[in-house]
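A.B. asks: Based on what follows, work out the 3D shape:
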Amino acid sequence: MRCEKPPSVSLGSTFNGLDGSMNLVSLIDVQPTQVLDYFKRNQAHLAPSMPLLGSEFYEPKYWNERRQVHQRELDQGVAVRWVIVTSKDAKQNQTVMGHINLTQIFRGPSQSGVVGYGLDRQAEGKGLMSQALGIAIDYAFEDLALHRIQANYRPENVRSEAVLHRLGFVREGFAKDYLKLNGVWCDHVLTSKISSLQNL
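C.D. replies: Model (predicted):
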């Protein structure tokens, strides 16, 4: 069973970050061109953690359509997608510095979801993702009342390993050839975090 439509996902949660403060906001609350700029700037940097992408991924039309797709995902309660933006600028001048996706949301006996994320190359190593992902996880447990969040990472991705460990994720296993990323089948470490809340 999929989940109901989530509560508002425009968190507007301000936290310290690169060059001041940042906000974690819904993907549909930023301009598609701002998201496109982020992925263009970080094309080579994010490639090892993404599937092979066609040229259409880097076109404005794709992100205009993705905005509509995500609205449907929200309406169906199957996914929540955020971006990390600079909050010191006017909305039309915000710069996207990262993304967080909570997908594969299931209710019924599972009450679970899977989280994935990425960060601008120049923003790494500053604690930004730890703060932003912590906010997203709190939202998943407190607002969506999920019981379990899964996150997986490539063994060589020590930054991701550190972020998840810092946030209390526990290693559950190792999967060979788990995902085909950038054209190559990649092993992954499997982790999860269980809510401490007594959700019904």
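
A.B. asks: Distance check, the closest residue in space to residue 121 that isn't next to it in sequence against residue 70.
C.D. replies: Computed as CB to CB, 6 or more residues apart in numbering, the closest residue to residue 121 that is not its neighbour in sequence is residue 45, at 4.1 Å. Every residue, glycine included, has its C-beta placed from N, CA and C. Distance of residue 45 to residue 70, given as CB to CB, to the nearest Å: 23 Å.

A.B. asks: ok, these two, which is more surrounded?
C.D. replies: residue 70 (18 against 15; other CB atoms under 10 Å).

A.B. asks: Pull out the buried residues from the host helix or strand of the more buried one.
C.D. replies: Here residue 70, judged by DSSP states H and E, is contained in helix 60-76. Going by neighbour count (16 or more other CB atoms under 10 Å), the buried part of helix 60-76 is 62-63, 66-67, 70, 73-74.

A.B. asks: and what of stretch 33-52?
C.D. replies: Neighbour-count burial for stretch 33-52 [16+ other CB under 10 Å]: 34-36, 38-39, 41-42, 46, 49-50.

A.B. asks: For the closest residue to residue 154 other than its chain neighbours, which three-state class applies?
C.D. replies: Closest residue in space to residue 154, ignoring its immediate chain neighbours: residue 186 at 5.5 Å, by CB to CB, 6+ apart. Classification of residue 186 by DSSP: H, G, I helix; E, B strand; the rest coil places it in strand.

A.B. asks: Tell me how many other residues surround residue 186.
C.D. replies: 20.

A.B. asks: Same check on residue 97?
C.D. replies: For residue 97, using other CB under 10 Å, the count is 24.

A.B. asks: And the helices in the protein?
C.D. replies: For the chain, the helices defined by DSSP state H cover 32-41, 43-46, 60-76, 128-142, 158-166.

A.B. asks: what separates the first one from the chain centre, distance-wise?
C.D. replies: Right, helix 32-41. Chain-centre distance of helix 32-41: 15 Å, with CA atoms, centre = their mean, to the nearest Å.

A.B. asks: can you check the shortest one too?
C.D. replies: Taking the mean C-alpha point of helix 43-46 and that of its whole chain, the gap between them comes to 16 Å (CA atoms, centre = their mean).
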